[in-house]
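[1] need coordinates for the below:
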Amino acid sequence: ATAANTLERPTLFSLSFAAYLVEGLCDIALCVFFYILLKPVDRNLALLSAFFGIASMVTFAVAQSSFFASSIVLGDTPGMDAFTPGQREALAYLTLRISGTIAWLFLCLYGTASMIRGYLIARSTYLPKIFGVLFMIGGAGFFLRSATYLLAPKLSSPLLLMPMALAGIPMMVWLLVRGIDPVRVRGAA
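    I've put the predicted structure just below:
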């Protein structure tokens, strides 16, 4: 069924990959933004958070490349005619499974970056401390979702990802509406 859906909707499949590319670019910009924003609190931790953020984005890029590989396996790609349709479907399914498995590492790295950012936000004098606490909880949820999936799958729940929305959405609104006073940021440095 997955192979049939991929073949029947190639444009939708390509658009989903293109959406990831946009997300990846936004993740890089977000890493830079948080580094600049949190550098006055602790330069080394802000840099560590940026590295974890970039590493998580690169890890997810690898996962998405494996995801995209399924369309190559199923398409009219030179050399694929050496495989039977059933073998190609199995290979496509395998690439999707590999993609999902690699994505669990992304969650772990992204959660670590978020916990560090949360700690820095809580220590800052120019951002509400509650956002820092929420980011630490949200990051821990991402990390725990990944760890439980790998170590204790029965304890793993998508609900562990929900706290990140409770951190990210209010902070985004606060930044858009209230913003940050550059004088306070420079004063913290």
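
[2] which parts of stretch 145-163 are buried?
    In terms of neighbour count (16 or more other CB atoms under 10 Å), stretch 145-163 has its buried residues at 145, 146, 147, 149, 156, 160, 163. All C-beta atoms are positioned from the backbone trio N, CA, C, and that covers glycine.

[3] pLDDT of it, averaged?
    Throughout stretch 145-163, pLDDT has a mean value of 90.

[4] give me the next element, helix or strand, following the helix or strand of the chain with the lowest mean pLDDT.
    Using mean pLDDT, DSSP states H and E, the weakest-scoring helix or strand in the chain turns out to be helix 2-8, at a mean of 67. As assigned by DSSP states H and E, the chain's next helix or strand after helix 2-8 is helix 10-38.

[5] in terms of secondary structure, what does the helix or strand following that following helix contact?
    For helix 10-38, the succeeding helix or strand toward the C-terminus, using DSSP H and E, is helix 43-74. Secondary-structure packing of helix 43-74 (3 or more CB pairs under 8 Å, 6 or more residues apart in numbering; DSSP states H and E): helix 2-8, helix 10-38, helix 85-123.

[6] of these, which stretch is the most buried?
    Most buried of the helices and strands packed on helix 43-74, by mean neighbour count (mean count of other CB atoms under 10 Å): helix 85-123, with a mean of 19.

[7] next one: that one to chain centre, how far?
    7 Å (CA atoms, centre = their mean, to the nearest Å).

[8] helices and strands around the very next helix or strand once past that helix, which ones?
    Downstream of helix 85-123, the first helix or strand assigned by DSSP H and E is helix 129-151. Contact here means 3+ CB pairs under 8 Å, 6+ apart; on that basis helix 129-151 packs against helix 85-123, helix 162-177.

[9] could I get helix 129-151 in CSV with only the CA atoms?
    Extracted C-alpha coordinates of helix 129-151, given in CSV (Å, rounded to 0.1, in the frame of the first residue of the first chain):
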residue,chain,number,x,y,z
LYS,A,129,12.1,32.5,32.9
ILE,A,130,8.9,30.5,32.3
PHE,A,131,9.9,30.0,28.7
GLY,A,132,13.2,28.6,29.8
VAL,A,133,11.5,26.1,32.1
LEU,A,134,9.1,25.1,29.4
PHE,A,135,11.9,24.6,26.9
MET,A,136,13.8,22.4,29.3
ILE,A,137,10.6,20.3,29.9
GLY,A,138,9.9,20.2,26.1
GLY,A,139,13.5,19.2,25.4
ALA,A,140,13.4,16.5,28.0
GLY,A,141,10.2,15.2,26.4
PHE,A,142,11.9,14.9,23.0
PHE,A,143,14.9,13.2,24.6
LEU,A,144,12.7,10.8,26.6
ARG,A,145,10.5,10.0,23.5
SER,A,146,13.7,8.9,21.7
ALA,A,147,15.2,7.1,24.7
THR,A,148,12.0,5.2,25.5
TYR,A,149,11.4,4.3,21.9
LEU,A,150,14.8,2.7,21.7
LEU,A,151,15.0,1.2,25.3
